[in-house]
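S.K.: sequence-free structure coming up:
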């Protein structure tokens, strides 16, 4: 019986990876946007992105998750009640999976903001000026000149954020998403073998982090091709 | 507005171990529990990580590999799984149940302390071991040329230098631990997050309780950052870039 449960748990790796990759996508977009805002001369943007990265990074993920999941549900219901004055809208229940992805993406967007900000600063200003002097638009300069060069500076911090992000997905089981942890707690109640069940979860997470380390190392090699290294260490 | 104030008046004391009719800090719920879960593992972790960091860098594979495996295991898995593994998992072994440790291991508070200590030791030790490896060869040669023994060199030159340089990375780890402690609310303990969850389940109002909890965590995070900034200014002063102002002071 135990092995059937273990199969079920390991199958949850898809859900965990989906949440992790989905929220990573949101985090990258928010992070890039936040980093650009933090470096902009426009006071308001600067202030908002500063507040975002400071407040989000100062509060535990679990608190954010519970606050946004329960809070957003109430906001949504209020919005629907308000809209019902004009038109018929059915009440909507937030899908815990989407709530998890959005929340984790929102939180790690703040960490990415800091990573990307440092990486953007590491690209010499002359690169931007050279691009502009060739008649490229600011948009082109950012995506064709700055972005490819900042990747190598962002990778170590990015790798770190990704590891922490993957591990924080274990918390979405609290919202009722059927990820690794959630399946494990069901299997624990059914079989009574809590140690075996959670050890299996541990191993799956170890596998994810090990593969990530390997992939990120490949990325680092790929993106640092143009970087000159000293002959001897 | 008045409603909000009265709500805060009834809810705020809960976060500091009180209630509307008992004094603050009459129980260890809320802030006190969070602080205990933060400070005890920090102290134990720091003490354990110093010898382990040297072991991690040992030339003997038989010493270095087991330590490496330990950090891999604890840094590669979520703290929540580790807590559940210890809290729910150990109970099914008769050896554990029959041993004298069982009185402690069935208590969620002790399990949380054990988990956090093991977890933070792994991270702290990696930070320290990295700094020990990265020590400037000139500092070592200087110590050797003065005829210091290995023990004396490690205690007086290498370790103090590595500890200082670990400060910035260690402050991150301390904040991660603070945020990590919030998961104890999932094993029935009422830390700051636990109090917020209790209020939520009583009132079905998520806004005030989680905002208060968030604000307390934010302040604690800010406090930790300030303390570490002070420590870095004191102990990493030699790494500060030289400015015209600081040069004028020394002359």
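M.R.: Done, it's in. Not measured: the values here are computed from a predicted model.
S.K.: Okay, now stretch B:23-41: how far is its last residue from its first?
M.R.: The first and last residues of stretch B:23-41 sit 28 Å apart, counting by C-alpha to C-alpha, to the nearest Å.
S.K.: Over to stretch B:72-82?
M.R.: Start-to-end span of stretch B:72-82 (C-alpha to C-alpha) is 13 Å.
S.K.: avg pLDDT for that stretch?
M.R.: The pLDDT scores in stretch B:72-82 average 94.
S.K.: give the contact list for the most centrally placed residue in chain A.
M.R.: The residue at the geometric middle of chain A, judged as the C-alpha nearest the mean C-alpha position with C-alpha atoms, centre = their mean, is residue A:24 (3.2 Å). Going by C-beta atoms under 8 Å, 6 or more residues apart in numbering or on different chains, residue A:24 touches A:105, A:108, A:162, A:165. Yep, even glycine has a C-beta here, placed from its N, CA and C like the rest.
S.K.: Tell me the buried residues within these.
M.R.: A:105, A:108, A:162, A:165 (16 or more other C-beta atoms under 10 Å in any protein chain shown).
S.K.: quick one: which of these is nearest to chain B?
M.R.: Top of the list for closeness to chain B, among the buried ones among the contacts of residue A:24 and by C-beta to the nearest C-beta, is residue A:165 at 10.8 Å.
S.K.: Which residue is the nearest non-sequential neighbour of that closest one?
M.R.: residue A:108 (4.9 Å; C-beta to C-beta, 6 or more residues apart in numbering or on different chains).
S.K.: element containing that neighbour, please.
M.R.: Secondary structure here is read from DSSP states H and E; on that basis residue A:108 sits in helix A:96-122.
S.K.: And the next helix or strand past that helix?
M.R.: Moving toward the C-terminus from helix A:96-122, the first helix or strand encountered (DSSP H and E) is helix A:125-133.
S.K.: any idea of the mean pLDDT for the helix or strand just after that following helix?
M.R.: Secondary structure here is assigned by DSSP H and E; on that basis, the next helix or strand after helix A:125-133 toward the C-terminus is helix A:138-140. Taken as a whole, helix A:138-140 has a mean pLDDT of 90.
S.K.: Likewise for stretch A:81-89?
M.R.: Stretch A:81-89 shows an average pLDDT of 74 in the prediction.
S.K.: wait, isn't residue A:146 in contact with residue A:126?
M.R.: No. Using C-beta atoms under 8 Å, residue A:146 and residue A:126 do not qualify as a contacting pair, with a distance of 11.6 Å.
S.K.: and the stretch 151-251 of chain B, which of its residues are near chain A?
M.R.: Taking C-beta under 8 Å from any C-beta of the partner chain as the contact definition, the stretch 151-251 of chain B meets chain A at B:176, B:178-183, B:185-186, B:193, B:196-197, B:200, B:206-207, B:210-211, B:213-214, B:217-218, B:221-222.
S.K.: if you set the cut-off to 10 Å instead, what comes out?
M.R.: Applying C-beta under 10 Å from any C-beta of the partner chain, we find that the stretch 151-251 of chain B lies next to chain A at B:172, B:175-176, B:178-186, B:192-193, B:196-197, B:200, B:204-207, B:209-211, B:213-222, B:224-225.
S.K.: what about residue 217, which helix or strand?
M.R.: Because you didn't say which chain, this covers chain A. Residue A:217 belongs to helix A:194-223, assigned by DSSP H and E.
S.K.: switch to chain B, that's the one I care about
M.R.: Of the helices and strands defined by DSSP H and E, residue B:217 is found in helix B:207-235.
S.K.: Which strands or helices does that helix pack on?
M.R.: Taking 3 or more C-beta pairs under 10 Å, 6 or more residues apart in numbering or on different chains; DSSP states H and E as contact, the helices and strands that helix B:207-235 lies on are helix A:43-58, helix A:61-83, helix B:2-11, helix B:31-56, helix B:159-180, helix B:192-203.
S.K.: quick check: angle from it to helix B:192-203?
M.R.: Per axes from the mean of the first three to the mean of the last three C-alpha atoms, to 10 degrees, the angle that helix B:207-235 makes with helix B:192-203 is 170 degrees.
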